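Chemist: My questions are about this predicted structure, shown below with the sequence.
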Amino acid sequence: MIKKILLGIGVLILIAAGYVGYMMLTTRSHSPAAVAEFKDGDFLIQVNYCQPFKKGRLIFGTEAEGALVPFGKKWRTGANEATEISFSKDVMMDGRLLKAGRYSLYTIPIDSGWTVVFNSNLGYWGAKLGGDPFDENMDVMRVPATVRNDLPEIEQFTISLTPADSLINMHFYWETTRATLSIQRVQ
């Protein structure tokens, strides 16, 4: 009897693992993986994320409006796996130091500005069962980003890293919105 129960549990685990693997593969085809990178000598910033499409949906707005990314709510800033960012050297943002390393990145969009959060919880996929993957106790830094909401419509979510004088601007583009976070390399 115990062997049958263990066999049944084993079969259920295999089915669940197969389903999760299948979902990971099929959802990635709808929101492909992308990399944004800035390199200058031995200084590297790399962002690994997935790019969802607008597909006629309201992206940013209120929950009452049915927005995909409601104002004031935590967003994984992409799709599928958590967006991850790595810095080969220490950086400054909003006058504060962020040590070199790898972080998950999430955002809290509002109409007038975003909060960009660097968190030490790595490797989660989508929503974590039984809890919030954006554990605020693991937040390393929260910084403000400026926002423009009057751009031509962008169908696919995109992150870019562009040099600007002594800064690197990280831009988040989607719908008619561009959020910008300025990053300064620590020499």
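Modeler: Noted; the coordinates are in hand.
Chemist: Quick check: buried residues in stretch 86-94?
Modeler: Within stretch 86-94, the residues scored as buried using 16 or more other CB atoms under 10 Å are 87, 91, 93. (Each C-beta comes from the backbone N, C-alpha and C, glycine too.)
Chemist: residue contacts, the residue lying closest to the last one once chain neighbours are set aside?
Modeler: Excluding its sequence neighbours, the residue lying closest to residue 93 (CB to CB, 6 or more residues apart in numbering) is residue 143, at 4.6 Å. Residue 143 is in contact with 93, 94, 96, 115, 116, 118, 181, counting by CB atoms under 8 Å, 6 or more residues apart in numbering.
Chemist: could I get the residues you listed as a markdown table with secondary structure, distance to residue 69 and pLDDT?
Modeler: Below are those laid out as a markdown table (DSSP: H, G, I helix; E, B strand; the rest coil; distance: CB to CB, whole Å; pLDDT from 0 to 100):
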| residue | secondary structure | distance to residue 69 | pLDDT |
| --- | --- | --- | --- |
| 93 | strand | 22 | 98 |
| 94 | coil | 22 | 96 |
| 96 | strand | 25 | 97 |
| 115 | strand | 13 | 98 |
| 116 | strand | 14 | 98 |
| 118 | strand | 19 | 97 |
| 181 | strand | 17 | 98 |
